[in-house]
Every structure is written in structure tokens, then in C-alpha cells.
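[1] Test case, fold it:
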Amino acid sequence: MLDLLKKRILFFGGKGGVGKTTCASALALAAARKGKRVLLVSTDPAHSTSDIFERLFSREEEEIYPGIVGVEVDGDFEARRYIETVKNQIAKLFSSSVLKEAERQIELVSTMPGVEEVALFDRMGDLIVTCVDSYDLIIFDTAPTGHTMRLLRMPELMSSWIAALSKRRKNLITLNRNIEREESGEADPILTTLERRKEKLELVHARLMQHNFTGFVLVLVPERLPIEETLRAAGSLRDSNMNICGIIVNRILPENLNGAFYQARRKQEQTYCEEIRRRFAEYPSIWIRQFETDIYGIKNLERLSEVLTGPNDGAPFG
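    Numbering: from 1, shown residues only. Here you go, the predicted structure:
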């Protein structure tokens, strides 16, 4: 058994289709049944979490099961909201003569690659900062691996960007003061906004780096492509000094299957399981058999949650 329930923030990641949403949902259920108050956040564009719980998640926090509050983070919606927030901020800072051009430039920027990821991370950061004291555990069901890795690099990228903007703003303020030859006792609103964003980013980054507080769970199945993608994700997380608190090897075939086709698949799978055991030896692991039915609805989630939190020796089957 992994000590997943001892963390305060967990990120579930993995290649699309390996069952990370199901595992994240099952762990949320396990935590709630142990008396914890859980916030389950879906950032995957597929939003399969709603299907698994058989009820729609809202963009705002809403209880979906006793002890579990769900929230759906929609990238497109968050990008639009982010741009509107920026517009509202600049409307207070610029004169009407330049406001129209500034808004036009912002609209152009809103269509550029990366804006949605910035907006997504901003929303995730808000949830981490504002909700961490209200819940015993926050679980993020993330988008497929590559997208998640880009999101997790946002604090570093945005901090550098904000630092550069702050430096330019300070230079401009100094230049204006030299020209006007007078000191203003009022804080510069633009600089104040930048400093607040910098402080929030630093707090989020500190939480992500806090190994006893935050952990990443990588989910994969015993197949070639998921193994390779998970190895790359583990390397990126390790290079960023982020804590991988475990891997979940999902959908392992039962041993009692008959027929040449199943035996061939089973033999290949055993080879991959041995490779996973060897190449991910430094991480605690949970191995989960393929269920005979799809996992959706509370009853099936309960079955999986018992596997996730039950005895597990960290070794492949067979």
C-alpha cells in the first residue's frame, strides 16, 4: 500500500486512456470513506470524472459524494476568463486614449499558443492557495502527460516573465520621476499587481516542491508506449525536484485466460511487467488486475478503492 492518503495534494498523471481518472476518483472515494474531506479537480479536457461519478461536475466547487467536492477546470473557459480579468485590470490603469489599442493587443495575444495553459495553471494555483486549508486532500486529475508537464513548468516560466516586466516597470517609474523631479508616495498599481502574482507563484511553487505535502502518482498499463511516456514524465519530474510518491500499473490481465491469443498477450505483458518493475524500481508501486467490467458508478469505484488502499507488495502478478 502506498502512503498516498498522508499527502495533502496529489496529481494523477499518465498517457491518455491508461485509467488515471478512474484511479484518481477511486482514491478520492477511499479518502472520503476514511473521513477525509476531499477536493477532486478535473483538468483533463475529456472530463471523464463526471462520467465515472455519473453526475456532472461544475466549474465551481460542489459536493458530488459525502466528503468529496468536485470541480471541473475547463481550459477554454479559463482562458476567456483570464483575458477578461486582464482587460478589467488594464481598464483601471490606462487612459481611454490608449485603452482601445491595449485591448486589441490583448485579443491578439489571447489566440497565441500557451495562453490556455497559463489560464489553467492560474486556476489550479488559485485552488491550491485558497482551498488547501479547507480540505484534507486535494486530488488533481490531470490531462495526458505532455500537457501536464508543460503546466508544471509554468511557475518557473511565469516567474521569469513577471520579473522581467517588474524590472521594466521600475525603470520606467524611475525615468518618469527623474523627468518630473518629484516623488510620489502612492504605490504603482501595475507594480503592485505584478508583485502579487509573483507572490502567488512562489507560494504555489513552494507547495509543489514540498515532498511531504505534495506527490505525483503516475498511472500506466503494461504496454510499450505508456512505459516510454511514463519514463519521460518521471525523468522530467525528477529533474524538477518534484516528488513521485508512487506508480500504479493498471489493467493487468488475469492469469486464468485460455486460448492462444490470450496466452500470447499474457506472455508479452509479463515481459512488460518485468521491465516496469526493473525500470521503476525506485518508486513504490500498486498493481491492479483488469476488472471484468468498465469502472463507473460508486459500486465499481468502491472495488477499485479497496485495491488502491489494501495490501500490496509492490510486485507484479504471475
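[2] separation between Lys6 and Leu27?
    12 Å (C-beta to C-beta, to the nearest Å). Using the backbone N, CA and C atoms, a C-beta is placed for each residue, glycine as well.
[3] So which of those two has more stuff around it?
    Neighbour totals were compared for Lys6 and Leu27, and Leu27 leads with 27 against 11 (other C-beta atoms under 10 Å).
[4] Skipping adjacent residues, who's closest to that one in space?
    Leu308 (5.5 Å; C-beta to C-beta, 6 or more residues apart in numbering).
[5] Equivalent analysis for Arg81, please.
    Arg81 sits nearest to Ala119 (C-beta to C-beta, 6+ apart), 7.1 Å away.
[6] which residues does the one you found contact?
    Ala119 is in contact with 75, 78-79, 81-83, counting by C-beta atoms under 8 Å, 6 or more residues apart in numbering.
[7] Compare those and tell me which is most surrounded.
    Greatest neighbour count in these, by other C-beta under 10 Å, goes to Glu78: 23 neighbours.
[8] the longest strand in the chain is where?
    Scanning the chain for the strand with the most residues, using DSSP state E, yields strand 244-252.
[9] and the next element down the chain from that one?
    Downstream of strand 244-252, the first helix or strand assigned by DSSP states H and E is helix 260-279.
[10] could you check the angle strand 244-252 makes with that following helix?
    Here helix 260-279 runs at 170 degrees with respect to strand 244-252, directions being taken by axes from the mean of the first three to the mean of the last three C-alpha atoms, to 10 degrees.
[11] okay, the helix or strand that contains Glu195 in CSV with CA atoms only?
    Glu195 belongs to helix 189-209 when assigned by DSSP H and E. What follows is helix 189-209, C-alpha atoms only, in CSV (Å, rounded to 0.1, in the frame of the first residue of the first chain):
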residue,chain,number,x,y,z
PRO,A,189,-0.8,49.8,-9.3
ILE,A,190,0.9,47.9,-12.1
LEU,A,191,3.9,47.0,-10.0
THR,A,192,1.6,46.0,-7.1
THR,A,193,-0.3,43.7,-9.4
LEU,A,194,2.9,42.1,-10.6
GLU,A,195,4.2,41.6,-7.1
ARG,A,196,1.0,39.9,-6.0
ARG,A,197,1.2,37.5,-8.9
LYS,A,198,4.8,36.8,-8.1
GLU,A,199,4.0,36.0,-4.5
LYS,A,200,1.2,33.6,-5.6
LEU,A,201,3.5,31.8,-8.0
GLU,A,202,6.2,31.5,-5.3
LEU,A,203,3.6,30.0,-2.9
VAL,A,204,2.3,27.5,-5.5
HIS,A,205,5.9,26.6,-6.5
ALA,A,206,6.8,26.0,-2.8
ARG,A,207,3.8,23.7,-2.4
LEU,A,208,4.7,21.7,-5.5
MET,A,209,8.3,21.3,-4.2
